[in-house]
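Undergrad: below are the sequence and a predicted model for it; my questions follow.
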Amino acid sequence: MPVELRPVSTELVLSRRRAVAALAIGGAAMVAGCSRNAGSRGHQGGWYALLSDPHIAADPSAQLRGETMADNLRAVVSDILHADDPPHGVLIDGDLAFHHGGPGDYQTLLDAVHPLRRESLPLHLTLGNHDDRANLRAAILGEGDPSRRFAEDKAVSTVSGPSLRFVLLDSQDGVNVTAGRLGDDQLVWLARDLDAHGTTPTVVLVHHNINARSESALRDTEALLNVLRPRGQAKAVVFGHTHVWNVREIDGIHMINLPAVGYRFLPKQPLGWVVLRPEPDGAELELRCIGGDRRQDRRRVSLRWRTG
């Protein structure tokens, strides 16, 4: 029987309306940024914080490749909280945990993002290849409701803002299995969800990178693109996994590869996060560096949405 994929943002979001301690889970032009703090910068659509690959270990002092991952996440949290105005949401695109997604990893993650939760900022998560659904569920939802199917099913959610929707997908295909997969059922769900919101610009979040030729990327990359190409409301795909900051296009759909928070694979890459500011016909991205190669810090990328 096909898996019933339900939007779970009501289960995995923090807000003032819900005090339960749960965590929810064309062309581009570069221009120099000049602001010190993040924020909407006058954009009527407000802004969102996008980050990926924090790789948090149970031990908050744990290091890899010379980086203390929990310290880096705390630096991002501080930068978000010092913005001129609060974001509509904070979206973390997978690889929340260090290696095998142990229970202690998620407790340290919750500790690191607690200042965001204290300010009632909406916080949404996707899963990466280093995450464990059952351990994540236990950490953020508790063990009290056995009817929840989060541990067994793909975890999907939707986030609606003033002028933009986000659809968060689950590409995890086994704990510590490098490659990702969405699967036919999730792709069918995505197509139906997009068709139900045909006039609203939508950004898709998935942890694994979009590359049909790489064995470590999203294995059903082409199947995902076949869902997105004919649906003009699908404007961009945001992903992580590669620890590389990059923006490109495939058939007019913007591909936004987020930098890592935790550590770098390559020396000429930043560590940090990205501001997304919706605009009437596109969006503005701003890179916010907290470490690594900082030469592009506060650089902005202007995206124009495809028409149709």
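TA: That came through fine.

Undergrad: what packs against whichever helix in the chain runs longest?
TA: Longest among the helix segments of the chain by residue count, using DSSP state H, is helix 103-118. Packed against helix 103-118, as judged by 3 or more C-beta pairs under 8 Å, 6 or more residues apart in numbering; DSSP states H and E, are the following elements: helix 69-81, strand 123-126, helix 133-141. Bear in mind the C-beta positions are built from the backbone N, C-alpha and C, glycine included.

Undergrad: just the angle for it relative to helix 133-141, thanks.
TA: 40 degrees (axes from the mean of the first three to the mean of the last three C-alpha atoms, to 10 degrees).

Undergrad: mind listing what's buried along helix 103-118?
TA: Along helix 103-118, these residues count as buried under the neighbour rule (16 or more other C-beta atoms under 10 Å): 104-106, 108-109, 112-113, 116-117.

Undergrad: out of those residues, flag the one nearest to Ser40.
TA: Leu116 (17.2 Å; C-beta to C-beta).

Undergrad: quick one: that closest one from Leu109, how far?
TA: Leu116 sits at a distance of 11 Å from Leu109 (criterion: C-beta to C-beta, to the nearest Å).

Undergrad: helix, strand, or coil at Leu190?
TA: When states are read from DSSP: H, G, I helix; E, B strand; the rest coil, the local structure at Leu190 comes out as helix.

Undergrad: again but with Lys235, I slipped
TA: For Lys235, the secondary-structure state derived from three-state DSSP is strand.

Undergrad: just give me the neighbour total for it.
TA: The number of residues packed near Lys235 is 25, by other C-beta atoms under 10 Å.

Undergrad: how about Phe265?
TA: As a burial measure, Phe265 scores 10 neighbours (other C-beta under 10 Å).

Undergrad: which ones are touching it?
TA: Phe265 is in contact with 65, 242-244, counting by C-beta atoms under 8 Å, 6 or more residues apart in numbering.

Undergrad: kindly indicate which of those residues lies nearest Ala179.
TA: After measuring those against Ala179 - C-beta to C-beta - the closest member comes out as Thr242, at 12.5 Å.

Undergrad: isn't the closest one up against Asn209?
TA: Yes - because the distance of 5.0 Å satisfies C-beta atoms under 8 Å, Thr242 is recorded as touching Asn209.

Undergrad: which residues are common contacts for the two?
TA: Residues touching both Thr242 and Asn209 by C-beta under 8 Å, 6+ apart: Asn257.

Undergrad: helix or strand: which one has the residue nearest to Gly102 when sequence neighbours are not counted?
TA: With C-beta to C-beta, 6 or more residues apart in numbering as the criterion, Gly102 has its nearest non-adjacent residue at 5.9 Å, and that residue is Ala58. Assessed by DSSP states H and E, Ala58 sits outside every helix and strand.
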